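just to be clear, the model below is a prediction. Sequence and coordinates:
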Amino acid sequence: MTLTMTSMIYWLELTGVAVFAVTGALEASRRQMDIVGFVLIATFTGIGGGTVRDVITGATPVFWIRDPSWVITCAVSAVITYFTAHLLERRYVALIWLDAIGLAMFGVTGAAIGLNLGVSPLVAIILGTITATFGGMVRDVVCNQLPLILRPEIYITAALVGATIYTVGTAILDLPKAPVALAAFLCAFALRAAALLFKLQFPVYKARPGREY
Amino acid sequence: MTLTMTSMIYWLELTGVAVFAVTGALEASRRQMDIVGFVLIATFTGIGGGTVRDVITGATPVFWIRDPSWVITCAVSAVITYFTAHLLERRYVALIWLDAIGLAMFGVTGAAIGLNLGVSPLVAIILGTITATFGGMVRDVVCNQLPLILRPEIYITAALVGATIYTVGTAILDLPKAPVALAAFLCAFALRAAALLFKLQFPVYKARPGREY
Amino acid sequence: MTLTMTSMIYWLELTGVAVFAVTGALEASRRQMDIVGFVLIATFTGIGGGTVRDVITGATPVFWIRDPSWVITCAVSAVITYFTAHLLERRYVALIWLDAIGLAMFGVTGAAIGLNLGVSPLVAIILGTITATFGGMVRDVVCNQLPLILRPEIYITAALVGATIYTVGTAILDLPKAPVALAAFLCAFALRAAALLFKLQFPVYKARPGREY
């Protein structure tokens, strides 16, 4: 393992931003937006989770103001998607699988960035989960789409598992960071992938659904 | 009155967080989510308003990062709700009444926390109103539910009344804080309760509703 | 040109806040809310974009906490709208045209405030675009309305054009600020007006729209 920890987190984060940006652009294609809409929704989705993480921890100006290359990554991802999305047979399937990759990545990097700021392990796990889920939630709410977190298959738990493995492995067991980060990402992604492939879900609340009063 | 002011605000705030968390969990039950969804929506609803208050006043890291017991409160409330919600005859009725209690509490504590930070009375009233309404709004928007603030019965005004009584009583009339806080909470809750029981509403805008163009 | 730059930006910003507040109040009238709802939605819409701008750049407490006159502007705009909206023949048409004025103003002032904080030109352009679009997005999402950014006519681009002209003109070409601000506003508004009048749009993504899976 020749990667240093910092570069490992950086590349996971960069890939996560690009992958989430593509899911935003795919959602824009499903709403038949123009190219500016692609860039806007891709940017919201790619940097939304990290922005909330930075704002609530007080790490302002937020990361993409300190280093604009994150925004450029989102814009480039959106433009490439605009010109290539027609090659995909089923855009929504691509969207949820890329979302799964981003979810697993941001669960780990969100927790890692929280621990670097000195928060407690419990808060680091929550920050990872928020970072992983918030961008996709903004994407779905703004686009008038049923949020992925409301679907029955295991979703939030995958981010939670990744953030927990990384936090317990590095902050409590004091294991080397890079392999733990990789293992946490793989476990989180494997769980979400299994949930998608086998329609894995926790028992949902069983009583009748809500009604208006 | 043996309670000190700080502990009074603390207990009002803790109860408010727990009560709002339960409304989030009840909404999750109406959407037939799994237990992780219960915890997530409960946490958003319980700490959402206070998070926005801390972020816009610059009191970062926000309160639940400084003291994780708030998040644990939300999670425990969600788990208890998951296993007991079936005992409720009408979950939506429970939801709106608990929401009324949380609304009245957060109107007061939001204003009190604002005044402690040294903001002007007008801004303290606004902060109380935002703290009281924001968590519920996030709960309803994320769950694809018509926000309670869009229903005709008096809602925001109850929070506004609580925040105003507390702010005028303590910051302008300089009355003792604890009894004023209690009175402000009771007035706010009584107004919202009356609105629910008697379908109390202000005159709504009377012209025809909007149409698409 | 006797206006100083600071007062120019201040008046553009004040007018933008008032104009956006009126669009929020008009949306409240279309949802048949009461007067408190008018004030709340008008305030969210009027100060929402600037609040996000201040929060992500770390300029907290945000602008309307430092100077409550912004909130008073929103409240007064809402009350006036409540009593005069019935005079309008078509409220939605008034809403989108006022939104166009606010969009053009906030694109310029958002970029100007970003540059004053010392951010890079690219980030200033993004901040202008976010400031211009966020308040209206919150208005539409909270009111359960299809966001204007999802309509096909050119929208975000108008804010982007205004922010870019101002940023390039002042930060790169070093031209006098006040006339550049005015020119940027006029170009942005003209573009959005043309889009509304002639149904101007970029080519939208052409493949079939999205479907649920």
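Sure, I can see it.

got the contact list for the nearest residue to A:Pro203 once chain neighbours are set aside?
Spatial nearest neighbour of A:Pro203, chain neighbours left out: B:Asp34 (6.7 Å); criterion: C-beta to C-beta, 6 or more residues apart in numbering or on different chains. In short, each C-beta sits where N, CA and C put it, glycine included. Each residue near B:Asp34 by C-beta atoms under 8 Å, 6 or more residues apart in numbering or on different chains is listed here: A:Pro152, A:Ile154, A:Gln201, A:Phe202, A:Pro203, A:Val204, A:Tyr205.

quick one: which of those has the most company?
Sorting the contacts of B:Asp34 by how many neighbours each has (other C-beta atoms under 10 Å in any protein chain shown) puts A:Tyr205 first, at 24 neighbours.

OK, contacts around it?
Counting by C-beta under 8 Å, 6+ apart, A:Tyr205 makes contact with B:Ala28, B:Ser29, B:Gln32, B:Met33, B:Asp34, B:Phe38, B:Tyr82, B:Ala85.

in helices, which of those fall?
Counting by DSSP state H, the contacts of A:Tyr205 place B:Ala28, B:Ser29, B:Phe38, B:Tyr82 in helices.

pull the number of nearby residues for the second one.
Look at B:Ser29: counted by other C-beta under 10 Å, it has 27 neighbours.

and if you look at the last one?
Burial of B:Tyr82 is recorded as 21 neighbouring residues (other C-beta under 10 Å).

distance check, it against B:Leu173.
45 Å (C-beta to C-beta, to the nearest Å).

and what of the third one?
Going from B:Phe38 to B:Leu173 by C-beta to C-beta gives 43 Å.

and what of the first one?
Plainly put, B:Ala28 is 42 Å away from B:Leu173 if you go by C-beta to C-beta.

quick one: which of the two has more around it?
Taking other C-beta under 10 Å, B:Ala28 and B:Leu173 do not tie; B:Ala28 has more neighbours (30 against 9).

which parts of chain A sit against chain C?
Within chain A, the positions near chain C by C-beta under 8 Å from any C-beta of the partner chain are A:27-38, A:40, A:43, A:51, A:54-55, A:60-62, A:64-65, A:68, A:71-72, A:82, A:85-86, A:90-93, A:96, A:141-144.

point out where chain A drops to low pLDDT.
The model of chain A has pLDDT under 70 over residues A:1-6, A:206-213.

can you get me a residue count around the closest residue to chain C within it?
Residue of chain A nearest chain C, by C-beta to the nearest C-beta: A:Arg30 (2.4 Å). The tally of other residues near A:Arg30 (other C-beta under 10 Å) stands at 21.

for chain A, what spans make up the helices?
Counting by DSSP H, the helices of chain A are A:5-30, A:35-57, A:63-66, A:69-84, A:91-116, A:121-142, A:156-167, A:177-198.

let's have the ones you listed in a markdown table, adding distance to chain B.
As requested, these are arranged in a markdown table below (distance: least, C-beta to the nearest C-beta, whole Å):
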| stretch | distance to chain B |
| --- | --- |
| helix A:5-30 | 16 |
| helix A:35-57 | 5 |
| helix A:63-66 | 15 |
| helix A:69-84 | 20 |
| helix A:91-116 | 9 |
| helix A:121-142 | 5 |
| helix A:156-167 | 5 |
| helix A:177-198 | 11 |
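
what about the residue lying closest to A:Met105 once chain neighbours are set aside, distance to A:Gly162?
Computed as C-beta to C-beta, 6+ apart, the closest residue to A:Met105 that is not its neighbour in sequence is A:Gly16, at 3.5 Å. In this view, A:Gly16 and A:Gly162 are 11 Å apart by C-beta to C-beta.

what about the two, which has more around it?
Between A:Gly16 and A:Gly162, A:Gly162 has the larger neighbour count (other C-beta under 10 Å), namely 33 against 27.

how close does the more buried one get to A:Ile101?
The value you get for A:Gly162 to A:Ile101, if C-beta to C-beta is used, is 11 Å.
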